[in-house]
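Novice: sequence first, then the predicted structure:
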Amino acid sequence: MSDNSTSPFALAACAEMLWQDKPIEWRASRLKEMGFGVGLWNWPEHDLKKLEATGATFTIMNGYLAGRLTDDEGAAELLRTARETAKVGKRLGVQRLNLHGTGLGDRGLPVQPVEVVTGAMWLKAQDTLRRIVDMAEEENVVFTLENLNLPVDHPGVPFGRAEDTLALVSSIDHPRLRLNLDLYHAQIGEGNLIELCRRCLPWIGEIQVADVPGRCEPGTGEVNWNGIAKALAGMGYTGPIGMEAWAAGDPVVALEAFRAAFTL
């Protein structure tokens, strides 16, 4: 069994994107054997008893089933499904429950695209997130808000840029709401990743990674991940880093490449 003793970070990987021919509980067990935490997407598709039985550490999971930040109807749906998901998250011991500006459908496209984010939408998003924080206090859970890239994968998602998620989360400034800073998305939409990490540092709950282009493991694209790892360590970051990436080949090889990139 491998471990992360030579990495200053808590390493995890998204089970949904690896070994796709295997049951999800098999993938969770395999990641645990390799010394990684386990990230999940939506829980209704999975057998929760089988996932519990793996004994894996579940680091992050989508924190809602439907809804959006930008209007009354969407906020009510988001709060309702987020509370339901929080209870599932507590059952599995999930450390962070993830949110987006709006619900995502097929191929990651927004269920309700937003072309222009108005001032009223910003105010509503802040109000919705404050209500999320109140609910998170009641349920004793932590939510994260994730940035998404607009040019390639998620056109029409409001508050998709890391600049926007940082503005929202820092304005709420509560330990029950953190950033899921996805550096794959940020590289496509914004770049300047080390400085972005520095700006976001006080509010980061998790960092997610995949290389660009292709969304595969570190070392398959253009990003200097070991340089980013050294910079993060220099900033004092020791929190979770999750690989949310497809494997370019053998998933084990991909995971070891990820581990190597974040080993100092």
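Specialist: Thanks, I have it.
Novice: quick check: closest non-adjacent residue to residue 51.
Specialist: Nearest non-adjacent residue to residue 51, counting by CB to CB, 6 or more residues apart in numbering: residue 25, 5.5 Å away. Backbone N, C-alpha and C define where each C-beta goes, glycine included.
Novice: what about the helix or strand hosting residue 197, distance to the chain center?
Specialist: Element membership for residue 197 (DSSP states H and E) is helix 193-200. Computed by CA atoms, centre = their mean, to the nearest Å, the chain-centroid distance of helix 193-200 equals 16 Å.
Novice: contacting residues around that helix?
Specialist: 162, 166, 179, 181, 183, 186-187, 190, 204, 207, 223, 227-228, 231-232, 235, 237 (CB atoms under 8 Å, 6 or more residues apart in numbering).
Novice: please flag which of the residues you listed sit within strands.
Specialist: 179, 181, 204, 207 (DSSP state E).
Novice: what subset of those is buried?
Specialist: 179, 181, 204, 207 (16 or more other CB atoms under 10 Å).
Novice: rebuild these as a markdown table, extending it with pLDDT.
Specialist: A markdown table is the format used below for those (pLDDT from 0 to 100):
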| residue | pLDDT |
| --- | --- |
| 179 | 98 |
| 181 | 98 |
| 204 | 98 |
| 207 | 98 |
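Novice: which two among those are spaced furthest apart?
Specialist: Using CB to CB, the two most remote members of those are 179 and 207, lying 8.7 Å apart.
Novice: circling back: closest one of the ones in strands among the contacts of helix 193-200 to residue 255?
Specialist: residue 207 (16.5 Å).
Novice: OK, contacts around the closest one?
Specialist: 180, 181, 182, 183, 197, 232, 237, 239, 240, 241, 242.
Novice: got it, and residue 137?
Specialist: The contact partners of residue 137, by CB under 8 Å, 6+ apart, come to residue 176.
Novice: quickly find the element holding it.
Specialist: Assigned by DSSP H and E, residue 137 falls in helix 119-139.
Novice: pull the distance from that helix to the chain's centre.
Specialist: Centre-to-centre, helix 119-139 and its host chain are 19 Å apart (CA atoms, centre = their mean).
Novice: what do you get for stretch 42-55?
Specialist: That offset, for stretch 42-55, works out to 19 Å (CA atoms, centre = their mean).
Novice: over to stretch 204-224?
Specialist: In terms of CA atoms, centre = their mean, the centre of stretch 204-224 is set 13 Å apart from its chain centre.
Novice: repeat for stretch 157-164
Specialist: Remark: stretch 157-164 is offset 14 Å from the chain centroid, using CA atoms, centre = their mean.
Novice: which of the ones in strands among the contacts of helix 193-200 lies closest to residue 141?
Specialist: Closest approach to residue 141 among the ones in strands among the contacts of helix 193-200 (CB to CB): residue 179, at 16.0 Å.
Novice: name whatever forms a beta bridge with the closest one.
Specialist: Counting by DSSP bridges, residue 179 is bridged to residue 145, residue 204.
Novice: which parts of the protein are strands?
Specialist: Using DSSP E, strands in the chain cover 10-14, 37-39, 58-62, 96-99, 143-146, 177-182, 204-209, 240-243.
Novice: TSV for those, including distance to residue 154?
Specialist: Converted to TSV, the strands of the chain look like this (distance: least, CB to CB, whole Å):
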stretch	distance to residue 154
strand 10-14	16
strand 37-39	18
strand 58-62	14
strand 96-99	14
strand 143-146	10
strand 177-182	11
strand 204-209	14
strand 240-243	18
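Novice: so which of the ones you listed is nearest residue 20?
Specialist: Of the strands of the chain, nearest to residue 20 by CB to CB is strand 10-14, at 11.2 Å.
Novice: and that closest one, what does it pack onto?
Specialist: In terms of contacts (3 or more CB pairs under 8 Å, 6 or more residues apart in numbering; DSSP states H and E), strand 10-14 is packed against strand 37-39, strand 58-62, strand 240-243, helix 251-261.
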